[in-house]
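Novice: generate coordinates for the sequence data below:
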Amino acid sequence: MPSYAPSQRSFSRRKFLQTAAAASAAVVLPRPLFGAQQPANSQGCWYALRSMNPATLIPEGWVQLYLDKQAHHLALSLPEVSEPFTGAFWAGEEHYRPDADDVDPWWPWEQKAYWIDGALRCALLLDDEKLLTKSRVPIDFTLDHAAKSGYLGPQALREPKANFHRWPHTVFFRALAAYSDAEDDPGISDAVRKHYLNDDADYGVPMRNVTNIEGMLWAHEHTGDPHLLQLAEQSWRVHLQHASEPNHGDMSPEKVWSNAPVNSHGVSYAETSKLPAILYAHTGNQEYLQFALALQRRILERYMLVDGIPSTSESYASVTARDVHETCDIADHTWTWGYLLMATGQGIWADRIERACFNAGFGAIKKDWKGVQYLSGPNQMLATADSCHIPNSGPGAMAYQPNPGERVACCGGNAHRIFPNYALRMWMRDSSGALVATLYGPSRIRTTTGPAKQKVEIIETTDYPFAEQVHFRFVLDAPTAFPFSVRIPAWCSTPRILVNDRPIPLPPIKNGFAIISRQFKPNDELTLELPMRPAATRWPGNGVAVEHGPLVYSLRIEPEWSSKVEPRWSTADFPVWIAHPTSAWN
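Specialist: As a prediction, the model looks like this:
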């Protein structure tokens, strides 16, 4: 069949567009979980902030250099280096290691989908044709091979043969969403709509199936089909009815509202806890948002490590000097906090994303982007093949590998999502359509602003978080009046704003953002100064951390590196990397 390519847009729309009535006539669902819905606003949703189209953003400086490393090393090579990424999952493969009875049948489609989503977003940001072509293969195949019913994906997952058989769809449909948004293609959102409204799977149970609410509501926003919202709310209600059962996310309302400790797998909780925030954004119902905030409070008050990610190995754990986190939790908690940022409009969630990415994220990935860790932590002094901070995780869990392979292959794919998602959420719009600088890094945005939709290019120049100044230059055809918001991190007590090197009065800071409303002239430069002061903070076990703005300092330990090849999981060009300390560390 022909590939689903940008040059075949008309073919794609003919193939996937169906009437809403035909797809959803048989769906009859009860009222929403949390009372009556409010009328929609002009955007049809209640997001306080919205991400920009990937096509409008160009990374520069250290952001571009880092994404280039990812694109040209592991992102491009992983499908040739390590199982299960070498398999054609989402591109025709229907079986995986039939000799391995202990492998869940959904497992390889989850892993490959992580890589597809991260590699695709990286390629879109860099306009990297080689990586885009490779990451698009499974997307084109899946869309071109939709079942007559509308089902998208492998036949191996079509019937509910095992737990989480719809969890891989959550992961893969994020790639469909990113590609659709970048290409402005309504055919993809309609294909997703048709998939959900004609699928007989149970999306309330088991636990991770409910995460498909994310894809349902993305399709709802793009197609306007109210049955998707009804399906999402029904799925959430069913999920809460089972939430007190073992291995079901530990999200019973009684435990959530009482702020009880969490007895749950970290990724499962992170992925599920974002759903009420998304439901709030599509209903305006404040009870959804309050529940989402209560879900976050449970982990933020008990399980946070100094590098910005909860102790999750793999379930939530203690916060001693030995504790660590799975790399998947870096990708998934920051992804969830992005939804909290958009739902609430509160800058503290951007603060959390920056701290996690700049500390835990950079630490879990080898600097040349040829290896990632399964487990990493703030007090790591070993990355070896025969030791680990957490005894029950097995040896080698903290070594750098192209893919942790037989231990947890999901981290090898999920690591690719961390920094593309950071970059894609650096710029947003508020509910009025005004531009907002949410996460900081060198980049440029090309879009429109103001009541007249004036074309504007904003060039952000900075070495943040390694410098205190963030410069914004406005490239305009003519003077234009519009509001522009910048985030003031909670750790900064003395911010300053300058326009063309002249200080201006600091506007009131609301929810962590300062709004500068003025007439901007061509090539005006706005400078945001965020003075960083070293601070010592205390942590459990007589721990003391030295912090500087969003960064946490670490003691430099001289390493001795060696490598080895594990068949099926690594190659001579992408081996397992092992490090032992050769200098004092304690």
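Novice: rest of the way, CA atoms for contacts and neighbours
Specialist: Noted.
Novice: residues in contact with the strand or helix carrying residue 182: which ones?
Specialist: Assigned by DSSP states H and E, residue 182 falls within helix 167-183. Applying C-alpha atoms under 8 Å, 6 or more residues apart in numbering, the contact partners of helix 167-183 are 6, 53-55, 106-107, 109-110, 113-114, 116-118, 120-121, 124, 139, 153, 186, 188-189, 192, 208-212, 214-215, 218.
Novice: one more time with 6 Å, if that's ok
Specialist: Outside of helix 167-183, the residues within contact range by C-alpha atoms under 6 Å, 6 or more residues apart in numbering are 53-55, 109-110, 113, 117, 208-209, 212.
Novice: so which of the residues you listed belong to helices?
Specialist: 109-110, 113, 117 (DSSP state H).
Novice: show me which pair in those is furthest apart.
Specialist: 109 and 117 (12.0 Å; C-alpha to C-alpha).
Novice: look up how far residue 60 lies from the residue most central in space within the chain.
Specialist: For the chain, the residue nearest the mean C-alpha position is residue 335 (3.0 Å; C-alpha atoms, centre = their mean). Distance of residue 335 to residue 60, computed by C-alpha to C-alpha, to the nearest Å: 22 Å.
Novice: what's the answer for residue 186, then?
Specialist: Separation of residue 186 from residue 60 (C-alpha to C-alpha) stands at 30 Å.
Novice: report pLDDT for the residue of the chain positioned farthest from its centre.
Specialist: Taking C-alpha atoms, centre = their mean as the measure, the residue most remote from the mean C-alpha position of the chain is residue 502, 37.4 Å away. According to the prediction, residue 502 has pLDDT 97.
Novice: what of residue 559?
Specialist: 92.
Novice: same question, residue 96
Specialist: The per-residue pLDDT reported for residue 96 equals 72.
Novice: likewise residue 78?
Specialist: pLDDT at residue 78 comes out at 97.
Novice: then residue 384?
Specialist: Looking at residue 384, its pLDDT reads 84.
Novice: and it, what does it touch?
Specialist: Residues in contact with residue 384 (C-alpha under 6 Å, 6+ apart) are 396, 399, 578-579.
Novice: mind listing the helices for the stretch 201-350 of the chain?
Specialist: 213-223, 226-241, 253-257, 266-273, 275-283, 286-300, 327-344, 348-355 (DSSP state H, counting those that start in this stretch).
Novice: how about CSV for those, with mean pLDDT and distance to residue 364 added?
Specialist: CSV is the format used below for the helices of the stretch 201-350 of the chain (pLDDT from 0 to 100; distance: least, C-alpha to C-alpha, whole Å):
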stretch, mean pLDDT, distance to residue 364
helix 213-223, 97, 27
helix 226-241, 96, 33
helix 253-257, 95, 30
helix 266-273, 95, 16
helix 275-283, 97, 27
helix 286-300, 97, 21
helix 327-344, 98, 7
helix 348-355, 98, 14
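Novice: just the strands in the stretch 51-200 of the chain please.
Specialist: For the stretch 51-200 of the chain, strands defined by DSSP state E, counting those that start in this stretch occupy the ranges 57-59.
Novice: look at residue 324 and say how many residues are nearby.
Specialist: 31 (other C-alpha atoms under 10 Å).
Novice: quick one, what contacts it?
Specialist: 311, 376-377.
Novice: rebuild these as TSV, extending it with neighbour count.
Specialist: TSV is the format used below for the contacts of residue 324 (neighbours: other C-alpha atoms under 10 Å):
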residue	neighbour count
311	27
376	28
377	25
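Novice: any chance of the residues you listed in JSON lines, with distance to residue 470 and pLDDT too?
Specialist: As requested, these are exported to JSON lines (distance: C-alpha to C-alpha, whole Å; pLDDT from 0 to 100):
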{"residue": "311", "distance to residue 470": "32", "pLDDT": "97"}
{"residue": "376", "distance to residue 470": "30", "pLDDT": "93"}
{"residue": "377", "distance to residue 470": "29", "pLDDT": "93"}
